[in-house]
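Student: what shape does this take:
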Amino acid sequence: MVTNTCRNGANCCQRSVVPLEPAYGRTIHKFQGQTAGPVDEGRPPNQYEVIICDPDDRKWEGKFMGLFYTALSRATTLGDANGLNSAIYFTGKDFKEDRIRTIGVRKGSSDDMKSIVKRTKWVEFLKTKTIAIREPDSKMNEILTWAETTRIKHQQLHDRITTYIIQNSNRSTGDFGNIIY
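Tutor: Modelled structure (predicted):
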């Protein structure tokens with residue numbers, strides 16, 4: 001609180017005010033690529049000094065994997081040994097320090113959240129698969145060579161590729177390939 005007295009010199013009245021500083025609310029999605037907190041000497045300062053985050057409950061973490069980590073990783077420091085001078089602070093009724101230590105783990109368990117288990121299985125499955133890449137035929141090679149050696153506009157290349165797709169599609173089924181405009 002700041003108290004100002006009357007300027008008439010008579011001290012007849014006083015006014016008390018609360019000085020406010022602007023604060024900004026952002027979603028974690030909008031904050032990706034930015035940081036908050038102190039920076040090394042000689043570097044430009046971050047736009048924000050501190051992040052105050054409400055990470056909601058554990059169900060939120062299970063649905064939106066990685067967002068809590070994204071919030072954590074935006075801070076340049078988590079503070080000193082006393083927990084002070086951090087660039088990120090947490091709020092909310094469901095937040096406890098344990099949430100940071102057990103991020104991705106089911107509540108009351110040592111097992112990973114179901115969505116993390118599913119994602120891990122999917123990644124392992126993808127590692128076992130090989131992707132067959134179609135070898136370009138002579139007409140495709142001709143188009144690529146023409147595009148590399150000729151100064152053309154995007155629309156000209158698009159028209160030529162579209163013509164090629166239509167000519168080589170199965171017209172009896174109406175399959176005209178994947179034409180991107």
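
Student: can you show me the helices along the protein?
Tutor: Remark: helices assigned in the chain by DSSP state H are 28-31, 58-63, 67-73, 98-101, 114-128, 138-149, 154-167.

Student: pull out the buried positions in the longest one.
Tutor: For helix 114-128, a neighbour-count test (16 or more other Cβ atoms under 10 Å) marks I116 as buried. Quick note: C-beta positions are derived from backbone N, CA and C, even for glycine.

Student: same deal with the third one?
Tutor: Neighbour-count burial for helix 67-73, with 16+ other Cβ under 10 Å as criterion, is recorded at 67-68, 71-72.

Student: now for these, which pair is the farthest apart?
Tutor: L67 and L72 (9.8 Å; Cβ to Cβ).

Student: per-domain residue ranges of the protein.
Tutor: As assigned by automatic domain parsing, the chain contains the domains 28-128, 135-181.

Student: and the ones you listed, which is most packed in?
Tutor: Among the domains of the chain, domain 28-128 has the highest mean neighbour count (mean count of other Cβ atoms under 10 Å), at a mean of 13.

Student: quick one: mean pLDDT for that domain?
Tutor: Per-residue pLDDT over domain 28-128 has a mean of 79.

Student: again with stretch 7-15
Tutor: Mean predicted confidence for stretch 7-15 is 73.

Student: quick one: terminal-to-terminal distance for that stretch?
Tutor: Start-to-end span of stretch 7-15 (Cα to Cα, to the nearest Å) is 11 Å.

Student: can you tell me the closest non-neighbouring residue to R160?
Tutor: I143 (6.1 Å; Cβ to Cβ, 6 or more residues apart in numbering).

Student: let me redo that: D111
Tutor: Of all residues not flanking D111 in the chain, V105 sits nearest, at 6.9 Å (Cβ to Cβ, 6+ apart).

Student: tell me what that neighbour is bridged to.
Tutor: Per DSSP bridges, residues listed as beta-bridge partners of V105: D112.

Student: ok, it - contacts?
Tutor: Residues counted as contacts of V105 (Cβ atoms under 8 Å, 6 or more residues apart in numbering) are 111-113.

Student: dump these into JSON lines; add distance to R43 as well.
Tutor: Listed next are those as JSON lines, based on distance: Cβ to Cβ, whole Å:
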{"residue": "D111", "distance to R43": "42"}
{"residue": "D112", "distance to R43": "37"}
{"residue": "M113", "distance to R43": "37"}
